[in-house]
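Chemist: Got a predicted structure here, sequence first:
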Amino acid sequence: MGVWTIPTATSARRSPVTRRRVLGRRPGVGRTGLFVQGYPAVGSGAFFAVGLVAAHGLGLTPIALLVAGVVFAAASLAYAEGMSMFPDAGGAAALARHAFDELASFVTGWATCLGLVAAAAVAALFSAQYLSVFWSPLASGGWAAAGAVVVLGLGAMAAILAVERSPRLERAAGVLDLGLQLLLLLVGLVFVFRPEHIRRGLETGSVPSAGQLALAFGIAIVAFAGAESIGDLAENARDPGNDVRPAAGALLASAPLLAVGLALVCLMAMPVVQGAHGATTLLAQGAPNGYREFPMLGIVAAVPLSVVATGLRDLVGLLIAILLAVYASAALRRCGSLLGWLSEHHGLPRGAAVLHQEYKTPYRSLAVAAGVAAVLAVVQGFSGGPGLLVGIWAYAALLALTLGQLAVIALRRSDPGRYRPFQTPIALPVAGAAATACGWVALVVFAGGPRDVATAAMVCGLAGYTAYRRRLGLSLRERTQPEAVAPAGPGIEVEFRAMLVPVSTADRDLPADLIEVAVQLAAERRAALVVLALTKIPLGEEMDMDIDGLDETVERLAAGARAIGERYGIRVHTTHLRTRDPAETILVEAGRRESQVILLRAGGLEPSARRRMAYDHIVRRIVAEATQRVMIIRPEPVGPA
């Protein structure tokens, strides 16, 4: 442990901590920005999932998509609550770690990685197949697999080189995605509006069996598998308390409704008919006669005007191919980040977390993820049909979703008093976890090949985890601190990833000088910054006692800290805890959040002698017991010129 004492700036002098360069973090965005930027991850799945679900759901495809959308809404809101408490690169794996132990965290993280690799392979394969409008061999077989490998290679290169999309490009992608889906709905309603085709598809003999419908629901999960990114809205929002809920609600309402609308239009353009082997539809058949691999092109093909249909086909094929390539790249980037996170927490060998010397990206993890996805895409491209990949993706996504929601439920029981900027009714994660568990069981029962491959991958991962933990001398469930980053030099040049800044809700004003020093350091180091608001409860009172104006005080402190952070492009996360022992709470929270630095303010500005003594005792205890570095921010009055 190291102790640093740094004088702060007053109104007449700047802080001696020099901000060399503000790196990469963007100020938060409002509700509209959150919705537009979040839509591609939530809505792009409809471009390929409709045909996959129709292969099992036939005329009930819209119902399967609607049910999957409702389930994902519950799961995504639960994620949003969890990530508003613990914003972490580990996502659902980090939530499982806070709620349970390292073993549950690894299982959740490994399942998520498996799903992301399969998602990247599926999106890349469909991206290449949509480009078959320009060159027909890309529709299936070896050329489709080769196109998928190219897409994955470009996506991995962009991730390794840290080619991040700008806010304008993110908004452009969201507008393009949403606008294209609305255009396809409009085209369908104008040119292929035939409700009788939907009705005939629901007649006896045309509907799937109960087992097929259950399998269709499980596969429909992939249409919204990116919806877990809604959990990141709290981190990206300018005002999480007011902006996350409406933005999440708009995303969770629009994406399923548009997917269901597109499924209805597809079934009107490619109705369910009785064939030699039972009910079928062109929507469920593969190339060259069917449209399973590119269902949106089936809508365009039904347009009676050939000139309009040809122009729309080329435009729709190109735009969807681009959007799915972006989707694949995002999946690879997320998988590489998560593999590095698992390595830092002793779930995988340390080499997986090694960063590129220049671009600071987990290039080894990204290369491995892209390589595995490419192998899967090649195998699937030559075997025909995306059933194996989609089944693996759905298996892994349902398992990770179930564990993530269970973690949120467990945190409600184990940590009920924690400040939650975004909170959902407890019935939603309970119902969502039950539904995703049932979907996972359906896949285990009915999807033989994907179940076997996915189960084998999970078993291999657990075997490797067990061997690695034993080599380190750790138990499977023992919680450990992440690998420490080596010092880059003396004093405050030490590298760190997370900082904790305790403040008291009893103070009238936010300690702006303390927060500004913390924000400047976070800007230099790309570190996460957490402001811990503490409310001390007297011994004679209940911990959940009512305190007038407490919620407003916490919100005011959070707003003030966010305002300072935005000046430097830093996102400041705020949490609130009630305590009888502030020092103990600070130490426990610093360990739980894996903070490398605790920033404290010297007691020189406390308004009374009693409070100064109490605060100084807290500081001395933290300095004596903390395993982290402690930084003391000392007020430095300015004398006469």
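Modeler: On my side now, so go ahead.

Chemist: which is the next helix or strand following the worst-scoring helix or strand of the chain on mean pLDDT?
Modeler: Ranking every helix and strand in the chain by mean pLDDT, DSSP states H and E puts strand 3-7 at the bottom, with a mean of 55. Counting by DSSP states H and E, the next helix or strand C-terminal to strand 3-7 is helix 31-43.

Chemist: So what's the gap between that next one and the chain middle?
Modeler: From the chain centre to the centre of helix 31-43 is a distance of 13 Å (CA atoms, centre = their mean, to the nearest Å).

Chemist: Could you do stretch 568-580 as well?
Modeler: Remark: stretch 568-580 is offset 20 Å from the chain centroid, using CA atoms, centre = their mean.

Chemist: Just the CA trace of it, in CSV.
Modeler: Listed next in CSV are the C-alpha coordinates belonging to stretch 568-580 (Å, rounded to 0.1, in the frame of the first residue of the first chain):
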residue,chain,number,x,y,z
TYR,A,568,-13.0,15.9,-19.0
GLY,A,569,-15.0,13.3,-21.0
ILE,A,570,-15.1,10.9,-18.0
ARG,A,571,-18.1,8.9,-16.9
VAL,A,572,-18.5,9.1,-13.1
HIS,A,573,-20.5,6.3,-11.5
THR,A,574,-22.2,7.0,-8.2
THR,A,575,-23.4,4.5,-5.6
HIS,A,576,-24.9,5.0,-2.1
LEU,A,577,-24.6,2.9,1.0
ARG,A,578,-25.9,3.2,4.6
THR,A,579,-23.4,2.3,7.3
ARG,A,580,-22.6,2.4,11.0
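
Chemist: Quick one: mean pLDDT for it?
Modeler: Averaged over stretch 568-580, pLDDT sits at 84.

Chemist: start the count at 34, not 1, going forward
Modeler: In the new numbering, first residue 34, that becomes stretch 601-613.

Chemist: tell me which residues in that stretch are buried?
Modeler: By 16 or more other CB atoms under 10 Å, the buried positions in stretch 601-613 come out as 601, 603, 604, 605, 606, 607, 608, 609, 610, 611, 612. Bear in mind the C-beta positions are built from the backbone N, C-alpha and C, glycine included.

Chemist: ok, what's across the strand from the last one?
Modeler: I take that to be residue 612. Residue 612 has these beta-bridge partners by DSSP bridges: residue 569.

Chemist: Tell me which residues touch it, please.
Modeler: Contact analysis of residue 612 by CB atoms under 8 Å, 6 or more residues apart in numbering lists 567, 568, 569, 570, 618.

Chemist: Correct me if wrong: the third one contacts residue 539.
Modeler: Yes: with contacts counted by CB atoms under 8 Å, residue 569 reaches residue 539, the gap being 7.0 Å.

Chemist: out of those two, which sits in the busier spot?
Modeler: Legend: neighbour count by other CB atoms under 10 Å for residue 569 and residue 539, higher for residue 569 (15 against 10).

Chemist: got the contact list for the more buried one?
Modeler: Taking CB under 8 Å, 6+ apart, we find residue 569 in contact with 537, 539, 611, 612, 613, 615.

Chemist: Figure out the helix or strand that residue 307 lives in.
Modeler: Here residue 307 is assigned to strand 306-308, by DSSP H and E.

Chemist: what's the distance between residue 632 and residue 193?
Modeler: The spacing between residue 632 and residue 193, counted by CB to CB, to the nearest Å, is 34 Å.

Chemist: Burial check on residue 566, number of neighbours?
Modeler: Per other CB under 10 Å, the neighbour tally for residue 566 reads 24.

Chemist: secondary structure class for it?
Modeler: With DSSP: H, G, I helix; E, B strand; the rest coil as the basis, residue 566 sits in strand.

Chemist: Would you confirm that it contacts residue 607?
Modeler: Yes: assessed by CB under 8 Å, residue 566 is found in contact with residue 607 at 6.4 Å.

Chemist: Pull up the overlap in contacts between the two.
Modeler: 452, 587, 590, 591.

Chemist: So which of those residues are in helices?
Modeler: 587, 590, 591 (DSSP state H).

Chemist: OK, contacts around the second one?
Modeler: By that I understand residue 590. Residues near residue 590 by CB under 8 Å, 6+ apart: 536, 538, 543, 564, 566, 607.

Chemist: what's the answer for the last one, then?
Modeler: Counting by CB under 8 Å, 6+ apart, residue 591 touches 274, 454, 564, 566, 605, 607.

Chemist: Residue 360 now?
Modeler: Applying CB under 8 Å, 6+ apart to residue 360 gives the contacts 73, 74, 77, 78, 152, 156, 259.

Chemist: How much space separates it from residue 94?
Modeler: According to CB to CB, residue 360 and residue 94 sit 21 Å apart.

Chemist: Against residue 156, how distant is residue 124?
Modeler: For residue 124, the distance to residue 156 - CB to CB - is 19 Å.

Chemist: More neighbours: which of those two?
Modeler: Using other CB under 10 Å as the criterion, residue 124 and residue 156 rank with residue 156 on top: 34 against 26.

Chemist: so the more buried one is in which element?
Modeler: Going by DSSP H and E, residue 156 is part of helix 135-163.

Chemist: One more: residue 249?
Modeler: Going by DSSP H and E, residue 249 is part of helix 243-253.

Chemist: how far is that helix from where the chain is centred?
Modeler: Centroid displacement of helix 243-253 relative to its chain, using CA atoms, centre = their mean, is 25 Å.

Chemist: Packing partners of it?
Modeler: helix 79-90, helix 94-118, helix 420-447, helix 460-479 (3 or more CB pairs under 8 Å, 6 or more residues apart in numbering; DSSP states H and E).

Chemist: top helix in the chain by residue count?
Modeler: helix 339-377.

Chemist: on that earlier part again, more crowded one of residue 632 and residue 193?
Modeler: residue 632 (24 against 21).

Chemist: Distance check, that one against residue 588.
Modeler: On the measure of CB to CB, residue 632 and residue 588 end up 22 Å apart.

Chemist: can you check residue 606 too?
Modeler: Using CB to CB, we find residue 606 at a distance of 14 Å from residue 588.

Chemist: Could you do residue 594 as well?
Modeler: As judged by CB to CB, residue 594 and residue 588 stand 11 Å apart.

Chemist: quick one: which of these two has more around it?
Modeler: Neighbour totals were compared for residue 594 and residue 588, and residue 594 leads with 28 against 18 (other CB under 10 Å).

Chemist: Tell me the secondary structure at that one.
Modeler: Going by three-state DSSP: residue 594 is helix.

Chemist: Pass me the low-pLDDT residue ranges in the stretch 434-583 of the chain, would you?
Modeler: 516-529, 541, 559 (pLDDT under 70).

Chemist: now do 80
Modeler: 450, 454-455, 480-481, 513-530, 540-542, 556-561 (pLDDT under 80).

Chemist: Count the neighbours of the nearest residue to residue 577 once chain neighbours are set aside for me.
Modeler: Nearest non-adjacent residue to residue 577, counting by CB to CB, 6 or more residues apart in numbering: residue 450, 7.0 Å away. Neighbour count for residue 450, taken as other CB under 10 Å: 12.

Chemist: so what's residue 450 up against?
Modeler: Here residue 450 is in contact with 576, 577, 610, 611 (CB under 8 Å, 6+ apart).

Chemist: same thing but 10 Å
Modeler: For residue 450, the contacting residues are 568, 576, 577, 609, 610, 611, 612, by CB atoms under 10 Å, 6 or more residues apart in numbering.
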